[in-house]
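K.L.:
Build me a model:
(chains A and B)
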Amino acid sequence: MTVFDDFRVAIRPNLQTRTTWDIELVDCSVKNLRGNKGSVQPAFTRDQLAQLRSRHNWPDSNRLQAIGQGVWRSLMSPALEAAYLTCVQQSSGQQRGTRLVVSMIGNEGDPPGPQAIRLQELPLEALYQEQMSFIAPNAQTPVSRSPAAVADRAAHPVVLPLTVLVVIATPSDKPPANMLDEKNAIIRALQGMANQGGGAIELQFCEPPTREELTKRLGEQFHILHFIGHGAYDIEADDPSPRPYLSLERPDHTSHNIDAETLSLLLVNAHVRLVMMTACASAQPTPEQVQATVGPFDGMAQRLVSGMSDVTAAVAMQFDLESSAAVTFSRSFYTNLLRSDLSLDEIVARCRNDLVGQFNVGRRAWVAPVVYCRCTDGKVFAIAPTRVVHDPAKDRRLADLEGSRRAYLEQIDAARHQPPAIQDALASLIAQNQAKVDALDRQRDELLGETLRLRGGTLDANREVACSLIVRLRTPAAIGTVSCRLRFPADKMEFSAAAPGAASAASVPMVGQRGPGDSTVQVQNASRGAQWAPGELELATLTFRVKDGVLDPWIEIGVLEAHVAVDGVDTLFEGMHGVVFVS
Amino acid sequence: MTDANYRDVLWAFSLDSNADTRRAIVRVFSREQDIYETQSGPFEGFPVDLPLRQRSGSSDAPPRSTQASPVPGDLWAHGQRLFAAMPPHATVPLRTATPDQPVRLKIASNSAAIDDLVWEWLNDGQDPCLALRPNIRLSRVVPIHLAVPPLTVAPPVRVLLVLTNPKDERLLDPWREIAAVRSGLSSPFYSVEQLAEPTWDALVEALRREPWHIVHYIGHAGVDRGQGNIILHDDSERTHWIGGSDLGAVLPMTVRLLCLSTCYTAPNYQIAGLPRLAHTIASGRLPTVIANQYPVGEGGVRGFWQAFYAGLLEYRGNMNEAFHDAQAACASTGGPDWGSFSMVIRDQSGQALRFDATSSTVAGRNDEEIQAQFLTQFANDLSTRVLTYGAAAPSSVVEQFDEVASTAMSMTENLRRTE
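P.N.:
Below is the predicted model:
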């Protein structure tokens, strides 16, 4: 497992000159290197961009190197180059990787000349430096983009399977594509991982690929939305940044567009964390169509990750990917995604490397994927290797309850920045919302039947909260050892004490630490051989202390890998996360 | 003038995504909530041919410039073109309006292309423009389902001024900029404070410290991925862009007006960012916003804000009236500056503040008003979700909306009875 140092760069058009870009080193492992790194005159040209986007005349290693050097000179001012090389060298000496994250800020309008490109068009992924060669396919130096200068989202705890909704849309009024081939390519790519023997990935297809069906399906809980199809830009007024959209289908198979803002709104309720967008690999866009066909995924990805939904990361293709490369990419991507120790940019770097291995470094396929991520350490999911099976009706109901619960939590969030007098005025309503969250958690608990739930609460004057670890039984049973993992943000809270719960007063809970914010809890011989009646039984109280200065209105503690010995049989229960209300 | 005195006419535009060409549809309502409650039936949509700007710029596109004021003749022709595009039934109520019962013409859309049209210059060929007539109040709206109840304020009205001047941007003359706006705030009924250090952290801290009523921003703007941004300073006094939703998340609920003034001592980086920010989606939680949509001169800035802030006191917080007076005052000096000021109502009424001299009454009432506002915004968020999902809306979200809306309406009604 490689540990990474961040090298975060913000780049913005210079408002005075219009022909140069200003560079700022926001974060890096050598603290005193941070700050303004001057300006660059973009060396990468529109001709080179056209060459990269064209599917003709590849492979050509020399040409790709020249493109990569142009990108390097367009990003790396002398000061930034020196800082990057210093940080890479230092990190590598400590067996650490260097994660390059670039935030492109602002919008410069029309390019100043025919050969000039817009900042957003710079294909960062092609970066090439003579000593280091291509940067992005090296798993030690992954390259990604971020809408925010600093990472501001935590990894989402996930109990396997990872659920993926795949939308393949090939409207009849767009360039033709063989939909069946696309679908089979994905299924082939995931063979052995999806829907097989309690597989780790659950793949579902949105069929028909209409807006209505997509809207309906997004009401179910999916972790990943994978769109395969066409996109384009729609220009609105004098906004120099066109609005991207994806083309879904109408019942008569003509295209029905969904713009980024609408999709972003739909995703507010959907809990999707990662969006993947790939062009129809089997479609044959003409050279004229290339820009309009593939560019929008990039713009859509930025918008989705910047929006108000739970989407924290997106992987998009900045130009079309040929069919065989798409299969390699998907297989490599989903295989690596299941590894809990890999970050998203690292995963995509491995995918690029696999593409280089399968084809040739002079083939441009590995440059196509673009990663947008706003997660800490680049990790979108914190995956627990367990599996719980639900039926679709129950899943839908659970998703509904989760949607309502999220709405109450968002309202609690909304009060966070209010002045003290207003927070006082809202105290009773906030308390009501907190009670609603607790009631909805209980409803989800009842619906699931057999759960191990951490019931949170509100902080006391010492900034501590005692959380109950509760097992819910559906049938009478003797309960032996109960164990689970707890995940919480270590920078915000710490575990402070454990005590036996009301139902198992004789069993002292044992708490171990696996890492920061990652603890294990074990209660041995919980019912002492006695049969417990169905219902809720408190096994332990676990006290957490929220650190001074933390202003988050609530913090979630994840319950993962919940194992309960029921009548001597180790059984996987659903883990239910606890919510601690800070204010 | 109370809310009951107005007759509302809402033109709700949408881009027709079904058409191959870019075509707009207009539906005419008399209440904002009808947008949420009536998806079909009497509110039929009519196609309208609006002069929307395409990538290359069409010949009759809105006369907009970020560097210099547009020519009044062009704006006049543009406004006439907009009026001519409307179906006849949409304009009938405008002809029957009287000064005692003015028509409040609200313009809403789902598209930045339509928002970018200079509706303030709407005219039927007769002088003056509709917005300047005594029987019409013209504003933009971001529609919401339930009206946000007004906040009762015992003067002084607390105003936070934010002037930004990042060093990597075209530099302003800060003294002139601030003086032009402050000239309208000299009344003792306003308590004005200027943010000393216009960084995001300092702004958040200032907003958390005190329940302000008005935030007035002066400076550059930008458009990033279609969204409007104001431009604050970072720690190195360089630009730090802040979008509408981020700003909305930190504004105290007592802030009922956000003024976005373009700088006039230097060309704005991208003035379109101001109206774009004003039109941030409803869930962005911004209050009513007044924003400049094209460059203005010093005289226009002074004239407008002096009249607006004086009118706000005179009309006890009624922004429809204060805005109308300010536009008229600005127009009386000649030139196109008056039409640069665009008001986007985001609480249904434009009566977001209600001045009351008795501070003892106000203190007790404010908590209930804040609670009603909080629940109303929650209900509106849920309603937007229901509308987005349409027939596929999960029953739990619909039930949740019904419950929250019912409580919010009941609280608002109680407040109304005790006014």
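K.L.:
Report the contact partners of B:Leu207.
P.N.:
A:417, A:419, B:160, B:215, B:250-252, B:255 (C-beta atoms under 8 Å, 6 or more residues apart in numbering or on different chains). All C-beta atoms are positioned from the backbone trio N, CA, C, and that covers glycine.
K.L.:
try B:Ser139
P.N.:
Counting by C-beta under 8 Å, 6+ apart, B:Ser139 makes contact with B:104-107, B:320, B:323, B:343-345, B:350.
K.L.:
Try it again at 10 Å.
P.N.:
B:104-108, B:119-120, B:131, B:288, B:290, B:319-320, B:323-324, B:342-345, B:350 (C-beta atoms under 10 Å, 6 or more residues apart in numbering or on different chains).
K.L.:
Can you get me a residue count around B:Ala393?
P.N.:
B:Ala393 has 18 neighbours, counted by other C-beta atoms under 10 Å in any protein chain shown.
K.L.:
what about the nearest residue to it once chain neighbours are set aside, how many residues close to it?
P.N.:
Closest residue in space to B:Ala393, ignoring its immediate chain neighbours: B:Val386 at 4.7 Å, by C-beta to C-beta, 6 or more residues apart in numbering or on different chains. Using other C-beta under 10 Å, B:Val386 is surrounded by 17 other residues.
K.L.:
that older thread, which single one of the contacts of B:Leu207 is nearest to A:Gln16?
P.N.:
Checking these against A:Gln16 with C-beta to C-beta, the nearest one is B:Val215 at 28.4 Å.
K.L.:
Quick one: name whatever helix or strand follows the lengthiest strand in chain B.
P.N.:
Longest strand in chain B, counting residues (DSSP state E): strand B:7-15. Next helix or strand after strand B:7-15 toward the C-terminus (DSSP states H and E): strand B:24-29.
K.L.:
average model confidence for the helix or strand following that following strand?
P.N.:
Later in the chain than strand B:24-29, the nearest helix or strand by DSSP H and E is helix B:33-37. What helix B:33-37 shows for mean pLDDT is 82.
K.L.:
What residues of the helix or strand following helix B:33-37 count as buried?
P.N.:
Downstream of helix B:33-37, the first helix or strand assigned by DSSP H and E is strand B:46-48. Under the neighbour-count criterion of 16 or more other C-beta atoms under 10 Å in any protein chain shown, strand B:46-48 has B:Val48 buried.
K.L.:
Out of the contacts of B:Leu207, which is nearest to A:Val465?
P.N.:
Using C-beta to C-beta, these come closest to A:Val465 at A:His417, 22.4 Å.
K.L.:
Tell me how far the closest one lies from chain B.
P.N.:
4 Å (C-beta to the nearest C-beta, to the nearest Å).
K.L.:
Do you have the helices of the stretch 301-419 of chain B handy? List them.
P.N.:
Remark: helices assigned in the stretch 301-419 of chain B by DSSP state H, counting those that start in this stretch are B:319-331, B:359-389, B:395-417.
K.L.:
What of the stretch 251-400 of chain A?
P.N.:
A:260-268, A:287-306, A:323-337, A:344-358, A:392-414.
K.L.:
The third one: how far from the chain's middle?
P.N.:
Going by C-alpha atoms, centre = their mean, to the nearest Å, the spacing between the C-alpha centre of helix A:323-337 and its chain's C-alpha centre is 17 Å.
K.L.:
In it, which of the residues would be classed as buried?
P.N.:
So helix A:323-337, judged by 16+ other C-beta under 10 Å, has buried residues A:323, A:325-337.
K.L.:
wait, does the helix-or-strand element of chain B with minimal mean pLDDT make contact with chain A?
P.N.:
Ranked by mean pLDDT, DSSP states H and E, the weakest helix or strand in chain B is helix B:33-37, scoring a mean of 82. No. Applying C-beta under 10 Å from any C-beta of the partner chain, one finds helix B:33-37 separated from chain A by no less than 14.8 Å.
K.L.:
List the buried residues for that helix?
P.N.:
By neighbour count on 16+ other C-beta under 10 Å, the buried set for helix B:33-37 is B:34-36.
K.L.:
Identify the residues contacting A:Ala477.
P.N.:
Taking C-beta under 10 Å, 6+ apart, one finds A:450, A:471, A:527, A:531-534, A:564-569, A:571 in contact with A:Ala477.
K.L.:
I should have written A:Val272 there, sorry.
P.N.:
A:163-165, A:218, A:221-225, A:266, A:304, A:309-312.
K.L.:
For it, which non-adjacent residue is closest in space?
P.N.:
Per C-beta to C-beta, 6+ apart, closest to A:Val272 is A:Leu225, 4.8 Å.
K.L.:
and what of B:Asp325?
P.N.:
B:Gly311 (4.2 Å).
K.L.:
try A:Leu426
P.N.:
Leaving aside its chain neighbours, A:Leu426 sits nearest to A:Ala415 (5.1 Å; criterion: C-beta to C-beta, 6+ apart).
K.L.:
and the residue lying closest to B:Ala357 once chain neighbours are set aside, backbone torsions?
P.N.:
Once flanking residues are discounted, B:Ala357 sits nearest to B:Ala154: 6.4 Å by C-beta to C-beta, 6+ apart. Torsion angles at B:Ala154 (phi, psi; degrees, to the nearest 10) stand at phi -90, psi 120.
K.L.:
Pull up the per-residue confidence for B:Ala154.
P.N.:
Note on B:Ala154: pLDDT of 89.
K.L.:
what about it, neighbour count?
P.N.:
16.
K.L.:
sorry, back to before: any idea which of the helices of the stretch 251-400 of chain A is most buried?
P.N.:
helix A:344-358 (a mean of 23; mean count of other C-beta atoms under 10 Å in any protein chain shown).
K.L.:
May I have that one as PDB, with CA atoms only?
P.N.:
Extracted in PDB, the C-alpha atoms of helix A:344-358 (Å, rounded to 0.1, in the frame of the first residue of the first chain):
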ATOM      1  CA  LEU A 344      -9.500   6.800  -7.100                       C
ATOM      2  CA  ASP A 345      -6.600   8.500  -8.800                       C
ATOM      3  CA  GLU A 346      -4.300   5.600  -8.000                       C
ATOM      4  CA  ILE A 347      -6.900   3.200  -9.400                       C
ATOM      5  CA  VAL A 348      -7.200   5.200 -12.700                       C
ATOM      6  CA  ALA A 349      -3.400   5.400 -12.800                       C
ATOM      7  CA  ARG A 350      -3.300   1.600 -12.700                       C
ATOM      8  CA  CYS A 351      -6.000   1.500 -15.500                       C
ATOM      9  CA  ARG A 352      -3.800   3.800 -17.600                       C
ATOM     10  CA  ASN A 353      -0.900   1.500 -16.900                       C
ATOM     11  CA  ASP A 354      -2.900  -1.500 -18.000                       C
ATOM     12  CA  LEU A 355      -3.800   0.300 -21.200                       C
ATOM     13  CA  VAL A 356      -0.200   1.100 -21.800                       C
ATOM     14  CA  GLY A 357       0.700  -2.600 -21.200                       C
ATOM     15  CA  GLN A 358      -2.000  -3.900 -23.500                       C
END
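K.L.:
which helices and strands does that helix pack with?
P.N.:
strand A:96-104, strand A:133-134, strand A:143-145, strand A:313-317, helix A:323-337, strand A:369-373 (3 or more C-beta pairs under 10 Å, 6 or more residues apart in numbering or on different chains; DSSP states H and E).
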